[in-house]
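> build me a model:
(chains A and B)
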Amino acid sequence: GENVEQHPSTLSVQEGDSAVIKCTYSDSASNYFPWYKQELGKRPQLIIDIRSNVGEKKDQRIAVTLNKTAKHFSLHITETQPEDSAVYFCAAHNFNKFYFGSGTKLNVKP
Amino acid sequence: DTAVSQTPKYLVTQMGNDKSIKCEQNLGHDTMYWYKQDSKKFLKIMFSYNNKELIINETVPNRFSPKSPDKAHLNLHINSLELGDSAVYFCASSRQGNTEAFFGQGTRLTVV
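Below you'll find the predicted structure:
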């Protein structure tokens, strides 16, 4: 089955700095890669996603890159704000399943 | 409008009891899931259903039995609850194919 690894497990940045979270996956059949943000006590919610036929996607301060050959994808958040503080999950989708990374707790210090 | 709703939100019960968690989605999605999130926040797939049919059962003890009466509902029944079952359980749904999964608000199960 698929194995998704995510790093780092915790990330602390100063407000205004950039944050980068990296994930790798093992199954080349995975072809959809969403990123979820989970605030404390809340449900995970999609913030951005990328499909395997695309190398990069950007939405305002958030961008995701995908390297299919190396089987890794990354989340980039620029100009971080305190409200970006949350746990972020990467995921890989194949065969009716989403496999999640272990999560990154992002702390943005004001 | 609640897209994916779970009940109850909190569930405290004693070891050995049997309990159910209900999930409903009004998005017209074909695929529904149950995930378990432990204290370390890891989201682990338990079951995946497509059009009421079980697709995936990920090495979950058979004390856990999902039931899908129709494609808008996926309920989870747990027999003989154990301390290690304490976690937050999330229901989710998605359209078939590579599309976003929408999560319910979660059910925090505490077994004492």
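
> so what touches the top strand by length along chain A?
Of all the segments of type strand in chain A, defined by DSSP state E, the longest one is strand A:86-94. Under the contact criterion Cβ atoms under 8 Å, 6 or more residues apart in numbering or on different chains, strand A:86-94 has outside partners A:2, A:4, A:6, A:21, A:23, A:25, A:27, A:29-40, A:44, A:47, A:73, A:75, A:98-101, A:103-106, B:41, B:43, B:98. No exception for glycine: its C-beta is placed from N, CA and C like everyone else's.

> just those: which are in strands?
Using DSSP E, the contacts of strand A:86-94 in strands are A:6, A:21, A:23, A:32-38, A:47, A:73, A:75, A:98-100, A:104-106, B:43.

> list only buried entries from those residues.
The neighbour-count test (16 or more other Cβ atoms under 10 Å in any protein chain shown) marks A:6, A:21, A:23, A:32-38, A:47, A:73, A:75, A:98-100, A:104, A:106, B:43 as buried among these.

> hmm, residue B:93 is touching residue B:5, no?
No. Here residue B:93 does not reach residue B:5: they are 10.7 Å apart, not a contact under Cβ atoms under 8 Å.

> overlap in contacts, these two.
With Cβ under 8 Å, 6+ apart as the test, residue B:93 and residue B:5 both reach residue B:25.

> tell me, how many residues neighbour residue 20?
As the question left the chain open, I've gone with chain A. When neighbours are counted by other Cβ atoms under 10 Å in any protein chain shown, residue A:20 registers 16.

> look at chain B instead
For residue B:20, the neighbour count with other Cβ under 10 Å is 13.

> kindly provide the distance from residue B:66 to residue A:77.
For residue B:66, the distance to residue A:77 equals 36 Å [Cβ to Cβ, to the nearest Å].

> neighbour count: those two, which is higher?
residue A:77 (25 against 21).

> now do that one, the pLDDT please.
pLDDT, residue A:77: 98.

> for it, grab phi and psi.
phi -120, psi 120 (degrees, to the nearest 10).

> ok, it touching residue A:64?
No. The criterion here is Cβ under 8 Å, and residue A:77 misses it with residue A:64 at 10.2 Å.

> residue B:64 contacts residue B:36, correct?
No. If you go by Cβ under 8 Å, residue B:64 and residue B:36 don't touch, sitting 9.1 Å apart.

> which residues do these two both contact?
residue B:46.

> returning to that earlier point: show me which of residue B:93 and residue B:5 is the more surrounded one.
In this view residue B:93 and residue B:5 are compared by other Cβ under 10 Å, and residue B:93 has more residues nearby, 26 against 15.

> tell me the angle the helix or strand in which that one is found makes with strand A:32-38.
Using DSSP states H and E, residue B:93 falls within strand B:87-94. Counting by axes from the mean of the first three to the mean of the last three Cα atoms, to 10 degrees, strand B:87-94 lies at 140 degrees to strand A:32-38.

> what about strand B:87-94, near chain A?
Yes. Between strand B:87-94 and chain A, judged by Cβ under 8 Å from any Cβ of the partner chain, the touching residues are B:90, B:92, B:94.
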